[in-house]
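Asks: Please find the sequence and the predicted model below.
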Amino acid sequence: MLILIAKFTTKPGCREQLLDMAKDAIGPSRAEEGCIIYDFLQDPFNPDSFTFYEKWRSREDLELHFGEPHFKEFAETVPDLIVGEPSLISYEIASETEIS
């Protein structure tokens, strides 16, 4: 299993455009085979700061996601809307346990 956390901050005046693009990408991404979780989060303390939290069955499934048209369109446009480089971190997970 793979967890991907992608963080970035929008340029002034670009927040709404990014939100609209993310809304368009979420449904198709969640429908992909191998997608377990695909969440887009806005920082409550900095409304221009966003995080994608994704959980995929495998790295191969994530690589297939990167080839999807909805992801490619998002990835091509985002650099013009954000400040600096995004932070992209992935974690390979052997197992998980629910805490109750």
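Replies: Now that the structure is in, tell me what you want to look at.

Asks: Backbone dihedrals for the residue positioned nearest the centre of the chain, both of them.
Replies: Ranked by distance to the mean C-alpha position of the chain (CA atoms, centre = their mean), the top residue is residue 52 at 3.3 Å. Main-chain torsions, residue 52, degrees, to the nearest 10: phi -90, psi 130.

Asks: in terms of contact, does it touch residue 4 like I think?
Replies: Yes: Residue 52 lies in contact with residue 4 (CB atoms under 8 Å); the separation is 7.0 Å. For glycine as for every other residue, the C-beta is placed from the backbone atoms N, C-alpha and C.

Asks: joint contacts of the two?
Replies: Overlap of the contact sets of residue 52 and residue 4 (by CB atoms under 8 Å, 6 or more residues apart in numbering) is empty.

Asks: Can you tell me the SS state at residue 53?
Replies: The three-state assignment at residue 53 reads strand, by DSSP: H, G, I helix; E, B strand; the rest coil.

Asks: What's the separation between it and residue 23?
Replies: In this structure, residue 53 and residue 23 are separated by 16 Å, where distance is defined by CB to CB, to the nearest Å.

Asks: Compare these two (neighbour count), which wins?
Replies: For the pair residue 53 and residue 23, the greater number of neighbours falls to residue 53 (14 against 10), based on other CB atoms under 10 Å.

Asks: Any idea what the more buried one is bridged to?
Replies: When bridges are assigned using DSSP bridges, the partners listed for residue 53 are residue 5, residue 39.

Asks: isn't it right next to residue 42, touching?
Replies: No: taking CB under 8 Å as the contact criterion, residue 53 and residue 42 are not neighbours in contact, 11.9 Å apart.
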